[in-house]
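**Q** Quick one, structure for this:
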Amino acid sequence: MIRTFVSFVLRSRLENVMAVGVSLALLVFFLTTRLFRTFHFGMLDFLFILLPVGVLGVKALLGLLLSSETDGDENIGPAKYLGRFFQPLLNIVRDWFPFLLLSACYYSLYNNLVLRINPHTADVFLSKIDAAILGNQASILLEPFIHPSVTDFFNVIYFSHVVFFPGVALYFYLKREEKMFRRLMMGYLTIILMGITSYILVPAVGPEKFFAGQYTRDLQGQLISRSVDYIINVGRVGYDCFPSLHVGIPLLLSFYLRDYRRRAFVPAIIYVALMCCATIYLRYHYVIDVIAAFAYAPAAYFLNDFLLCHWPGEKISGLAAQIKEKHHTARPAQSPSVNQPET
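**A** Numbering: from 1, shown residues only. Next comes the predicted model:
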């Protein structure tokens, strides 16, 4: 019985195992500490991944309603007919649900647990690092350059994070490039779990709140900025500064675009650079948070590939072999030896 269960787990998709494992661990933690009585969970917890899932759901539903394929339907039973009818929707749930579940855990975890696990915020420590690098806080040094148009522009860049990564994942999914989609999304889960660990160990509110009394100028955004600020203040996870995943996730995505869509690599890097500027200008992150993102993203990239290459279920699915082939072809070809004997 136990051997059968272990064999089933090892042959399963890695994202399914991660989603179930993290969710069960959180459930046990909540139940054993009675934190479930103060647990708050809303629709914003799902928004990041729910957006592309909703698009796919509408597409699949329209395809079902407009489909004219009825060959053989009169010869099958009701249960089999319904199974065949809803198969596209069931496939979407299968492919996206693990990421939806872990994203929900990400957005709910900090609002309820961060300061209960580690009540000591690290803003003093992080701000001292910034002061050692720049002589002062970057957001204070940028005050002379504040302008409403600049604020609006960077708010749009910052908010586009909600659409950028899910949009690229949706593109690969609609192109039916399943292995690319799963590698991309597993990388996302890996950096999210790394971020969870870091935010618990190094919780910080960020310059906007920590230095609120030291700023001499408001950011002076117009209608766009006020709208974005409202959405961010309602949905933003607290104490999520180190590292900046607003920088880390697009940077990780740029690595995958380099592997699969090289023409999009340079635009992705430009987007990352703009996001770096936005997070600091808008006072959401310290400079060290952005620098840390440039360490976390490649670490997540290689750790994710290592896990996928060595997980038995991915060896069966063929994803491990594709990743190994990608890394092999990315290596520069060895030049022939000058000492080769003549034939």
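**Q** Show me which parts of the helix or strand containing residue 268 are buried, residue by residue.
**A** Using DSSP states H and E, residue 268 sits within helix 265-281. For helix 265-281, the neighbour count (16 or more other CB atoms under 10 Å) marks 265, 268, 271, 272, 274, 275, 276, 277, 278, 279, 280, 281 as buried. All C-beta atoms are positioned from the backbone trio N, CA, C, and that covers glycine.
**Q** likewise stretch 159-166?
**A** Those would be 159, 160, 161, 164, 165, 166, for stretch 159-166 by 16+ other CB under 10 Å.
**Q** same check, this time on stretch 9-28
**A** Counting neighbours by 16+ other CB under 10 Å, stretch 9-28 gives 12, 13, 14, 15, 18, 19, 22, 26 as buried.
**Q** quick revisit: dump the buried residues of stretch 159-166 to JSON lines, plus pLDDT and secondary structure.
**A** JSON lines is the format used below for the buried residues of stretch 159-166 (pLDDT from 0 to 100; DSSP: H, G, I helix; E, B strand; the rest coil):
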{"residue": "159", "pLDDT": "86", "secondary structure": "helix"}
{"residue": "160", "pLDDT": "88", "secondary structure": "coil"}
{"residue": "161", "pLDDT": "86", "secondary structure": "helix"}
{"residue": "164", "pLDDT": "88", "secondary structure": "helix"}
{"residue": "165", "pLDDT": "85", "secondary structure": "helix"}
{"residue": "166", "pLDDT": "84", "secondary structure": "helix"}
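**Q** ok, and for the strand or helix carrying residue 3, which residues are buried?
**A** Assessed by DSSP H and E, residue 3 sits inside helix 2-10. Neighbour counts over helix 2-10 (16+ other CB under 10 Å) mark no residue as buried.
**Q** tell me the angle the next helix or strand after the helix holding residue 268 makes with helix 265-281.
**A** Next in sequence after helix 265-281, counting helices and strands by DSSP H and E, comes helix 287-310. Going by axes from the mean of the first three to the mean of the last three CA atoms, to 10 degrees, helix 287-310 is angled at 140 degrees with respect to helix 265-281.
**Q** Extract the CA atoms of helix 287-310 and return them as PDB.
**A** C-alpha atoms of helix 287-310 as PDB (Å, rounded to 0.1, in the frame of the first residue of the first chain):
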ATOM      1  CA  VAL A 287      17.900  49.000  -3.800                       C
ATOM      2  CA  ILE A 288      19.100  45.900  -2.000                       C
ATOM      3  CA  ASP A 289      15.700  44.300  -2.700                       C
ATOM      4  CA  VAL A 290      16.300  44.800  -6.400                       C
ATOM      5  CA  ILE A 291      19.900  43.600  -6.300                       C
ATOM      6  CA  ALA A 292      18.700  40.400  -4.400                       C
ATOM      7  CA  ALA A 293      16.200  39.700  -7.200                       C
ATOM      8  CA  PHE A 294      19.200  39.400  -9.600                       C
ATOM      9  CA  ALA A 295      20.400  36.500  -7.400                       C
ATOM     10  CA  TYR A 296      17.100  34.900  -6.800                       C
ATOM     11  CA  ALA A 297      16.000  34.700 -10.400                       C
ATOM     12  CA  PRO A 298      18.900  32.700 -11.800                       C
ATOM     13  CA  ALA A 299      18.900  30.600  -8.600                       C
ATOM     14  CA  ALA A 300      15.200  29.700  -9.200                       C
ATOM     15  CA  TYR A 301      16.000  29.000 -12.900                       C
ATOM     16  CA  PHE A 302      18.700  26.500 -12.200                       C
ATOM     17  CA  LEU A 303      17.000  25.000  -9.100                       C
ATOM     18  CA  ASN A 304      13.800  24.500 -11.100                       C
ATOM     19  CA  ASP A 305      15.600  22.800 -13.900                       C
ATOM     20  CA  PHE A 306      17.500  20.600 -11.500                       C
ATOM     21  CA  LEU A 307      14.200  19.500  -9.800                       C
ATOM     22  CA  LEU A 308      12.500  18.800 -13.100                       C
ATOM     23  CA  CYS A 309      15.400  16.900 -14.500                       C
ATOM     24  CA  HIS A 310      15.600  14.600 -11.500                       C
END
